[in-house]
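> would you be able to build a 3D model of this:
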Amino acid sequence: RDCLQDGQSWLAGFVQGLAASLICVPLLSWTEDDTGSVGELSRIGVDGYDRVDNVLLELIIAVVLREEPSAAVHALLPVLVGQARGEAEGGGFGAFPFHKLARLSDEPSRATNTRAAA
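A predicted model of the protein is given here:
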């Protein structure tokens, strides 16, 4: 098992690890209060708001690596989850709220795409 070394760039370590992986399995979540990895993306594009989103950055890099013939990545298999349930509800996760997808901006995150291109 490989881990980031102290002081090593998170992004460089992520790209290195992903480039050596056969399959990328991102866990994508959206909670009832619009948090989670996808829920946070719903804020981008609202009133001109933009920022580098690390989850989106990871997905962009994964897609680029998947399309690169010399890369090891052969498949992207996202797992979509909704709100985490408490023990009283049996644990696990609720269904991913597909009905919220319309809240995502049609405009790409310039900040994230600029970072991905660097």
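> when you work out contacts or count neighbours from here on, use the C-alpha atoms and nothing else.
OK.
> and the biggest helix by length in the chain, what's buried?
Scanning the chain for the helix with the most residues, using DSSP state H, yields helix 54-67. The neighbour-count check on helix 54-67 (16 or more other Cα atoms under 10 Å) flags V55, L56, L57, E58, L59, I60, I61, A62, L65, R66 as buried.
> show me what contacts the first one?
Right, V55. V55 makes contact with S37 under the criterion Cα atoms under 8 Å, 6 or more residues apart in numbering.
> name the next helix or strand following the worst-scoring helix or strand of the chain on mean pLDDT along the chain.
Every helix and strand of the chain was ranked by mean pLDDT, DSSP states H and E. The lowest is helix 10-19, at a mean of 83. Once the chain leaves helix 10-19, the next helix or strand it forms, by DSSP states H and E, is strand 23-24.
> who touches L28 in this structure?
Listed by Cα under 8 Å, 6+ apart, the contact set of L28 reads G36, S37, V38, P78, V79, L80, V81.
> stretch 74-88: how far from the chain's middle?
12 Å (Cα atoms, centre = their mean, to the nearest Å).
> what's the span of that stretch from first residue to last?
Criterion Cα to Cα, to the nearest Å; first-to-last residue distance in stretch 74-88 is 39 Å.
> please identify the buried residues of that stretch?
Applying 16+ other Cα under 10 Å to stretch 74-88 flags A75, L80, V81, G82, Q83, A84 as buried.
> distance of S37 from L22?
In terms of Cα to Cα, S37 sits 23 Å off from L22.
> who has more neighbours, these two?
Neighbour count, other Cα atoms under 10 Å: between S37 and L22, S37 has more, with 20 against 14.
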